[in-house]
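Undergrad: Let me see the structure of the following:
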Amino acid sequence: MRTLYREKRWFCGDYLEVDIYPVFKMQTGRSRRGKPTSEVQAKLNDHNAERKLVRLLNANFTRDDYEIHFTYTDGNLPENDTQAKKDIQNFLRRARRLYKAAGAELKYVAVTEGGIGGTRYHHHVTMSGEVNRCELEALWGYGYVNSRRLQFNEYGVEGLAMYITKQFRTHRDELLFKKRWSCSRNLIRPEPKERDGKLSYRRVRDLATIESGSRESFEKLYEGYTFAACRPFYNDMNGGYYITVLMYRTGIKFSNTRKRERMRS
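TA: Numbering: from 1, shown residues only. Here you go, the predicted structure:
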């Protein structure tokens, strides 16, 4: 059996995500394919969905855009999923009119949580920031609103993506056939660029197992980007190394914070 390694690269705004994994080609004969267990497959599905959302957010939103969290007062709680979905759709319809009046285009990703085990419904919406935030908050009308500008770090908005989809990990069985998020049609959907054979088995093994120098190795491999993280995995079943590499464009700044001056004694 011959093995080559494939790189799948997603360019998402200021961020680059790379999956490196083996592709096995059978020389002759036939072999029985093993299927992953249901639990392993479920975790893989969670991982793939979360990474897709991270890439979608990183590719379409900037520090000028908003993350907004909508909750309900007791008297306005929706009775079911259908009502909760209608509430957020009505808000987005009103928001679309507000953006249009301002000569701007609305972009959004929306996630609804709640309704399982008595948990309260609430919504998380990432939105383009070309209109006044206070005007957006006023459009809700069912309870409290908490909003702020998006906060990026070396992983983009990965933390936000993990937070707003946490219910799908903790209640996986109940939400098996439910959409994890909805989004506007005008978003960029990052498509991977693939290349095979650039990295040998030995090179991938070294990248996955040698910590010292790995940063320099990845930055040399993907010029123009700064290393953020390497998440390797070794598969005992097929002897292959799997790596997810997260990087950001060299030179970008994540905040305007400055060091606090020490008090003089």
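Undergrad: Closest to the centroid, which residue in this structure?
TA: Val54 (1.4 Å; C-alpha atoms, centre = their mean).
Undergrad: list the contacts for it?
TA: The contact partners of Val54, taken as C-beta atoms under 8 Å, 6 or more residues apart in numbering, are 17, 155-158, 161. From N, CA and C alone the C-beta is placed, and that goes for glycine too.
Undergrad: Closest one of those to Ala49?
TA: Among the contacts of Val54, Ala161 lies closest to Ala49 (C-beta to C-beta), at 9.7 Å.
Undergrad: any idea how far Asp19 is from the residue nearest to the centre of the chain?
TA: Val54 is 13 Å from Asp19, where distance means C-beta to C-beta, to the nearest Å.
Undergrad: Over to Ala95?
TA: With distances taken as C-beta to C-beta, Ala95 is found 35 Å from Asp19.
Undergrad: Compare neighbour counts for these two and give me the winner.
TA: Neighbours per residue (other C-beta atoms under 10 Å) separate Ala95 from Asp19, with Ala95 holding more: 21 against 17.
Undergrad: Just give me the longest helix of this structure.
TA: Assignment by DSSP state H gives helix 38-60 as the longest helix of the chain.
Undergrad: Can you show me the CA trace of it as PDB?
TA: What follows is helix 38-60, C-alpha atoms only, in PDB (Å, rounded to 0.1, in the frame of the first residue of the first chain):
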ATOM      1  CA  SER A  38     -20.600   5.800  16.200                       C
ATOM      2  CA  GLU A  39     -19.000   7.800  19.100                       C
ATOM      3  CA  VAL A  40     -15.900   8.500  17.100                       C
ATOM      4  CA  GLN A  41     -17.900   9.500  14.000                       C
ATOM      5  CA  ALA A  42     -20.100  11.800  16.200                       C
ATOM      6  CA  LYS A  43     -17.000  13.600  17.600                       C
ATOM      7  CA  LEU A  44     -15.600  13.900  14.100                       C
ATOM      8  CA  ASN A  45     -18.800  15.400  12.900                       C
ATOM      9  CA  ASP A  46     -18.700  17.900  15.800                       C
ATOM     10  CA  HIS A  47     -15.100  18.800  14.900                       C
ATOM     11  CA  ASN A  48     -15.800  19.300  11.200                       C
ATOM     12  CA  ALA A  49     -18.900  21.400  11.900                       C
ATOM     13  CA  GLU A  50     -17.100  23.600  14.400                       C
ATOM     14  CA  ARG A  51     -14.100  24.100  12.100                       C
ATOM     15  CA  LYS A  52     -16.400  25.000   9.200                       C
ATOM     16  CA  LEU A  53     -18.100  27.700  11.400                       C
ATOM     17  CA  VAL A  54     -14.700  29.100  12.500                       C
ATOM     18  CA  ARG A  55     -13.600  29.400   8.800                       C
ATOM     19  CA  LEU A  56     -16.900  31.000   7.800                       C
ATOM     20  CA  LEU A  57     -16.600  33.600  10.600                       C
ATOM     21  CA  ASN A  58     -13.000  34.300   9.900                       C
ATOM     22  CA  ALA A  59     -13.500  34.700   6.200                       C
ATOM     23  CA  ASN A  60     -16.500  37.100   6.500                       C
END
